[in-house]
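**Q** sequence and predicted model, in that order:
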Amino acid sequence: MPGDDYAGFDQRLRDLLGLGVPPIAIAFADHLPERVPSFGATHPPPTPDGRTGAVPAGCVFWMDATSRAFATVAADHGNCSVGSYTHGFGPLAEIVGNADVQALLASGWVTAEAAGHLPAVTPAPQAVVYAPLAEAPLAPDIVLLRINGKQLMLLNDAWPELRLEGKPQCHIIPLAKSTGEITLSSGCMLSRVRTGMSNNQITCAIPFPSLPALLKRLERAREADLAVAAYAAEDGKRFS
């Protein structure tokens, strides 16, 4: 949305939730923006089924985006078939035979039926732009947070309509984008290994249009929590 203060939104989210990891902005674009640098990694040799990419999986871009802005294209996401699909870079029929998908199915980690119901970003983007929210070069579609248990507590108090999902972690991006729901993922082992994300963190995808309303609710929820914390601390002195 033109005129939005991304740095202001970033600061309010950090202050209200006490974030230890900067929020990131994710934007799906119909062209590769000239003013945003490309991710800039060398792709390794492809696997026998043709997979390669700039990083092991698209969720790895979330980690880099806490410190710099960059643009990615389909080829950058290509090593992870599931992430390529959920980000709109090809139909499910094109990736089900890939070795990584077959390994997930063979392990029992996911069923073919569940995989068939995974959402994908529409319309298909030509580029995905990642950046720290404070430095977003394009209007975000999604603001992604990595949060701990206490931060989830406050977020749930403020927005009890939260949607909780599981694996694969990346599917909360198209879900939040298409439904407009603030969507959490408990995480997935595939993503945790590839990203090195802390075991104490989960992810939250916030549709950007919902962010102003969420911030207002967080202010009220935090005020109530601070009042309760002060009461509990004072009351606890009787047991000292």
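**A** Done, it's in.
**Q** tell me who's in contact with the residue lying closest to residue 84 once chain neighbours are set aside.
**A** Distances taken as Cβ to Cβ, 6 or more residues apart in numbering place residue 77 nearest to residue 84, at 4.8 Å, with adjacent residues excluded. Where you see a C-beta, it was placed from the backbone N, CA and C, and this is true even at glycine. With contacts defined as Cβ atoms under 8 Å, 6 or more residues apart in numbering, residue 77 is in contact with 53-54, 57-58, 83-84, 87, 89, 128.
**Q** 7 Å - rerun?
**A** 53, 58, 83-84, 87, 89 (Cβ atoms under 7 Å, 6 or more residues apart in numbering).
**Q** cool, residue 183 as well?
**A** Taking Cβ under 7 Å, 6+ apart, we find residue 183 in contact with 163, 165, 172, 175-176, 205.
**Q** let's have these in TSV, adding secondary structure, neighbour count and distance to residue 45.
**A** What follows is the contacts of residue 183, written out as TSV (DSSP: H, G, I helix; E, B strand; the rest coil; neighbours: other Cβ atoms under 10 Å; distance: Cβ to Cβ, whole Å):
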residue	secondary structure	neighbour count	distance to residue 45
163	strand	16	39
165	strand	19	34
172	helix	26	31
175	helix	22	33
176	helix	27	35
205	strand	26	33
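**Q** which of these lies closest to residue 108?
**A** Residue 108 lies nearest to residue 165 out of the contacts of residue 183, by Cβ to Cβ, at 19.1 Å.
**Q** for the closest one, which non-adjacent residue is spatially closest?
**A** residue 185 (5.1 Å).
**Q** sec struct for residue 46, please.
**A** Secondary structure, DSSP: H, G, I helix; E, B strand; the rest coil: residue 46 is coil.
**Q** can you check the pLDDT for it?
**A** Listed pLDDT for residue 46 reads 96.
**Q** helix, strand, or coil at residue 206?
**A** Residue 206 falls in the strand class when you classify it by three-state DSSP.
**Q** leaving out chain neighbours, which residue sits closest to it?
**A** residue 143 (4.4 Å).
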